[in-house]
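Undergrad: please work out how this folds:
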Amino acid sequence: MIFDNNEEEIEVLLNDCYGGWQVSNKAKKLYELRKIKDSNYYSRRRSDPIFVQIYKELGDEFDGGKHSKTGIEKIPKKYEKYYYITEYDGLEKIEIDYTKYQLDNLKQKIKEILENDSMDNDDKINQFKNMK
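TA: Numbers count the residues shown, from 1 in each chain. As a prediction, this is how the structure comes out:
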């Protein structure tokens with residue numbers, strides 16, 4: 001995927017070969033130890049910075065099976081809640097739900113306009129008319 005290089009990014013772990021993605025017991029144990037100590041625990045393990053760091057430290061020891069070849073793909077942080085992983089016979093890729101992202105942003109803009117007490121209703125209507 002090609003994105004603007006100036007955006008903050010997150011790293012997502014993916015299986016980069018056909019077969020089933022497996023994580024080694026060593027990686028799982030390190031993850032369990034570190035997530036307990038880190039108050040910034042993330043529930044999405046594939047983009048969890050702790051999990052990504054363990055992958056970087058362990059290299060080939062991270063994978064737990066002959067059909068696992070973990071790699072990293074970077075995506076803009078703004079899509080963190082909008083990505084999902086698809087797979088074909090174990091080979092994975094990232095898909096982003098751009099429509100949901102746009103709708104959530106639109107809802108946020110509408111909310112901000114409606115809650116802006118410094119604007120009168122005519123100004124709010126004009127803001128809505130000028131939205132793209």
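Undergrad: how far away is the residue sitting nearest the centre point of the chain from residue 53?
TA: Nearest to the mean C-alpha position of the chain, counting by C-alpha atoms, centre = their mean, stands residue 80 at 3.1 Å. Applying C-beta to C-beta, to the nearest Å, one obtains 17 Å for the distance of residue 80 from residue 53. The way it works is simple: take the backbone N, C-alpha and C, and place the C-beta from them, glycine included.
Undergrad: and residue 95, by the same measure?
TA: For residue 95, the distance to residue 53 equals 25 Å [C-beta to C-beta].
Undergrad: between these two, who's got more neighbours?
TA: For residue 95 versus residue 53, neighbours defined as other C-beta atoms under 10 Å are more numerous around residue 53 (14 against 11).
Undergrad: so that one: helix, strand or coil?
TA: Reducing the assignment at residue 53 to three states with DSSP: H, G, I helix; E, B strand; the rest coil gives helix.
Undergrad: hmm, back to that, grab the nearest non-local neighbour of the residue nearest to the centre of the chain.
TA: Spatial nearest neighbour of residue 80, excluding adjacent residues (C-beta to C-beta, 6 or more residues apart in numbering): residue 10 at 5.6 Å.
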